[in-house]
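Student: next one to model:
(one chain, ligands or ions: 1)
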Amino acid sequence: MPNKIRRVAIVGGTHGNEWTGVYLVRKFQQSPQWVQRSTFETVTLLANPKAIELNQRYVDRDLNRCFGPVSLNNPELPGYEPDRAKSIAQQFNHDAASRVDVILDLHSTTANMGMTLLPTSQHPFNLQLMAHLSEQDPSVRVCLGLSSSQENPMLRSLVPFGCTIEVGAIAQGVLDAHWFQQTELMIHRILDYLEAINQEKTVTIPASFTAYQSIESIDYPRNELGELAAMIHPRLQGRDYQPLEPGDPMLGWGNHFLFRRCDRLSYFYQ
Ligand SMILES: [Zn+2]
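Tutor: A predicted model of the protein is given here:
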């Protein structure tokens with residue numbers, strides 16, 4: 001467990017067209033007192049300014065895949081995002097005095113994921129935070145990644161503690177007041193929790209909580225030209241986190257729908 005949280009980073013715009021995080025960070029930069037607490041420093045960052053300006057996910061490559069050691073240690077790697085990743089890593093991990101302990105990376109998605117938290121790792125400190133937040137709001141979903149090795153390149157993995165906050169469904173390049181407020185509320189809950197831990201106050205941590213484990217990702221069927229050959233079945237569209245039963249329709253094309261067994265398919269299960 002960390003002795004004490006000293007610095008927390010709130011990051012928006014890792015993907016430039018996800019405006020919830022971009023505008024929350026701008027709000028906090030205009031009024032930094034709202035995210036300050038007495039026992040630690042809070043810093044804010046717009047991770048990919050060029051992509052934000054262009055309202056694009058990224059310019060040259062996905063920034064959230066540029067934080068693996070191979071990428072960070074390769075000075076020859078061309079492109080804007082590899083340079084940004086090195087600069088962010090330097091800013092958050094440079095030396096003991098400036099090191100960030102917790103990263104909250106703000107994202108939004110067109111998928112109907114509601115309020116989903118993806119912890120940086122399954123370290124007990126992160127899991128206790130997830131349990132606490134799940135108890136405060138039972139609609140929160142905690143999603144554990146495929147595996148730590150596949151998660152390593154992400155921005156949140158620069159430091160040991162924290163999470164990605166992913167909200168949706170929101171169209172890209174759109175501000176949605178409901179999810180903006182929910183994300184802001186979640187940030188305040190997390191900062192309050194960290195403050196309470198630093199102050200050694202009693203916080204409620206339930207003995208167990210529900211987490212979703214990603215099994216695998218599968219691509220859509222494609223034709224010989226690489227074009228999509230199917231779409232999500234209308235009965236499944238938007239039903240994130242719902243169980244897939246054997247024989248449930250999953251993919252379709254016009255009136256021809258594919259029926260696949262669920263044990264071959266990805267998706268989340270409880
Ligand atoms: Zn994103």
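
Student: going forward, measure contacts and count neighbours with C-alpha atoms only.
Tutor: Fine.

Student: I'd like to know how many residues surround residue 55.
Tutor: 18 (other CA atoms under 10 Å).

Student: leaving out sequence neighbours, find the closest residue to it.
Tutor: residue 17 (4.6 Å; CA to CA, 6 or more residues apart in numbering).

Student: check that neighbour and give its pLDDT.
Tutor: pLDDT for residue 17: 98.

Student: surely it touches residue 57?
Tutor: Yes: here residue 17 reaches residue 57: they are 5.2 Å apart, a contact under CA atoms under 8 Å.

Student: more neighbours: which of those two?
Tutor: Ranked by neighbour count (other CA under 10 Å), residue 17 and residue 57 place residue 17 first, with 24 against 21.

Student: and that one, what is it in contact with?
Tutor: 51-52, 55-57, 172-173 (CA atoms under 8 Å, 6 or more residues apart in numbering).

Student: can you tell me the SS state at it?
Tutor: Put simply, residue 17 is coil when judged by DSSP: H, G, I helix; E, B strand; the rest coil.

Student: and it, how far is that from the ion?
Tutor: 8 Å (CA to the ion, to the nearest Å).

Student: thinking again about what came up before, overlap of the contact sets of residue 17 and residue 57?
Tutor: Contacts common to residue 17 and residue 57, judged by CA under 8 Å, 6+ apart, are residue 51.

Student: if any of the contacts of residue 17 are buried, put those into a PyMOL selection.
Tutor: Only the buried entries of the contacts of residue 17 go into this PyMOL selection, using 16 or more other CA atoms under 10 Å:
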select buried, resi 51+52+55+56+57+172+173
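
Student: quick one: name the residues of the stretch 101-250 of the chain near the ion.
Tutor: Proximity of the stretch 101-250 of the chain to the ion, by CA under 5 Å from the ion, involves residues residue 107.

Student: what segments of the stretch 101-250 of the chain are helices?
Tutor: With helices called from DSSP state H, counting those that start in this stretch, the stretch 101-250 of the chain shows them at 124-136, 148-151, 177-198.

Student: from the stretch 51-200 of the chain, which residue is nearest to the ion?
Tutor: residue 107 (4.4 Å; CA to the ion).

Student: show me what contacts that residue?
Tutor: Neighbouring residues of residue 107 by CA under 8 Å, 6+ apart: 12-15, 18, 20-21, 164-167.

Student: circling back: can you pick out the most distant pair from the contacts of residue 17?
Tutor: 51 and 172 (12.5 Å; CA to CA).

Student: just give the nearest non-adjacent residue to the spatially most central residue of the chain, would you?
Tutor: Among the residues of the chain, the one closest to the centroid is residue 164, at 2.8 Å (CA atoms, centre = their mean). Nearest non-adjacent residue to residue 164, counting by CA to CA, 6+ apart: residue 105, 4.6 Å away.

Student: who does that neighbour form a beta bridge with?
Tutor: residue 11, residue 164 (DSSP bridges).

Student: ditto for the one 10 residues further on
Tutor: According to DSSP bridges, the partner residues bridging residue 115 are residue 167.

Student: tell me the confidence at it?
Tutor: pLDDT, residue 115: 98.

Student: that one reaches residue 165, doesn't it?
Tutor: Yes: proximity of residue 115 to residue 165 meets the contact threshold set by CA under 8 Å, at 7.3 Å.

Student: between these two, which contacts overlap?
Tutor: Residues touching both residue 115 and residue 165 (CA under 8 Å, 6+ apart): residue 183.
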